[in-house]
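Enquirer: what's the 3D shape of this:
(one chain, ligands or ions: 1)
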Amino acid sequence: ASFSQKTYAARAKEHPHPLVRELLSTMERKQSNLSLAADVATKAELLALADLVGPHICVLKTHVDIIADFDADLVAQLQALAAKHDFLIFEDRKFADIGNTVKLQYGGGVYRIADWAHITNCHVIPGEGIIEGLAEVGAAKNRGLLLLAEMSSKGMLATGAYTDRNVEMAVRNPFVIGFIGSRRFTEERDLITMTPGVGLHAAGDALGQQYRTPETIVAENGSDIIIVGRGIYGPGKDPVAEAQRYRAAGWAAYERRLQR
Ligand code: 6AU
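Expert: Now for the predicted structure:
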């Protein structure tokens, strides 16, 4: 059977990568395939949002370079919240340089991403060396990498042969745990898909973002995790109520997929 037809619990038991076992069992335990995209501008806002929404998510997705007052204490506090609420941390860094440079960007600099982010992601535009460079830093720390096989935005160029090359590279690199994209891409090994551009509130934004529903993404396309940002914390929204709504919608779509 397709991995999409198996429960997260069954996949957690069989998965060769310890980080993915942890991720899938967290999803099962919390009955959540929801990741929050916390694109807020300050440390206080990020911590407050993570504490409020934490009980409802499996993964907190950050863009730490947006945070005006980033410091090491933010990382310590995020790790404490991850332990308190039982979620993993995904720094959405979208590395895109040669292997030697991304190694330095991932392990060092101001953010020291590999020290605290369970998951990060990259574009494979430079070729396979980017994966090898990131793996040199992250593999020993039990981290995992997602490849941007597709994007959610209007006019994006990650299509066709480019997407196929992402899938080939993912299959042969054990540091890669899956994809950013709109669907399940392969049955070669149990690579996960996390999908951004999920919303029940709008069709898109003024800058090219496009939204699809949890039903389309999880039940029909076989993706594993929905990533939701402004649909949860946007203007006038109650983040806890919206997180509960997206979590319920994502989980219902997963249950419908298992019935198919
Ligand atoms: O729900 P939104 O539109 O408020 O936020 C979507 C989030 C943002 C983007 O940086 C990110 O998802 N994203 C990504 C990721 C996760 O890599 C890829 C993509 O194709 N589209 C996209 O929106 O934090």
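Enquirer: residues contacting the residue of the stretch 1-150 of the chain found nearest the ligand?
Expert: With CB to the nearest ligand atom, the shortest gap between the stretch 1-150 of the chain and the ligand falls at residue 37, namely 3.7 Å. No exception for glycine: its C-beta is placed from N, CA and C like everyone else's. Neighbouring residues of residue 37 by CB atoms under 8 Å, 6 or more residues apart in numbering: 61, 92, 196, 227, 228, 229.
Enquirer: compare the residues you listed and tell me which is most surrounded.
Expert: Counting neighbours by other CB atoms under 10 Å, residue 228 comes out on top of the contacts of residue 37 with 30 neighbours.
Enquirer: surely that residue meets residue 33?
Expert: No. With contact defined as CB atoms under 8 Å, residue 228 and residue 33 do not form a contacting pair (10.8 Å).
Enquirer: would you check which pair of the contacts of residue 37 lies furthest apart?
Expert: 92 and 228 (13.2 Å; CB to CB).
Enquirer: on that earlier part again, please produce CSV containing the contacts of residue 37, extended by distance to residue 163, secondary structure and pLDDT.
Expert: Converted to CSV, the contacts of residue 37 look like this (distance: CB to CB, whole Å; DSSP: H, G, I helix; E, B strand; the rest coil; pLDDT from 0 to 100):
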residue, distance to residue 163, secondary structure, pLDDT
61, 21, strand, 99
92, 19, strand, 99
196, 15, coil, 98
227, 18, strand, 99
228, 23, strand, 98
229, 23, coil, 98
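Enquirer: keep those, but drop any that are not near the ligand.
Expert: Filtering the contacts of residue 37 for proximity to the ligand by CB under 6 Å from any ligand atom leaves 92, 196, 227, 228, 229.
Enquirer: tally of neighbours for residue 2?
Expert: 10.
Enquirer: leaving out the residues flanking it, which one is nearest to the residue in the chain that the ligand sits nearest to?
Expert: In the chain, the residue that lies nearest the ligand is residue 229 (2.6 Å; CB to the nearest ligand atom). Leaving aside its sequence neighbours, residue 229 sits nearest to residue 37 (CB to CB, 6 or more residues apart in numbering; 3.3 Å).
Enquirer: give me phi/psi at the one you found?
Expert: phi -90, psi 100 (degrees, to the nearest 10).
Enquirer: partners of it in the sheet?
Expert: residue 61 (DSSP bridges).
Enquirer: quick one: pLDDT of it?
Expert: At residue 37, the pLDDT value in this model is 98.
Enquirer: do you know how far it is from residue 222?
Expert: 21 Å (CB to CB, to the nearest Å).
Enquirer: now do residue 167
Expert: Counting by CB to CB, the gap from residue 167 to residue 222 is 14 Å.
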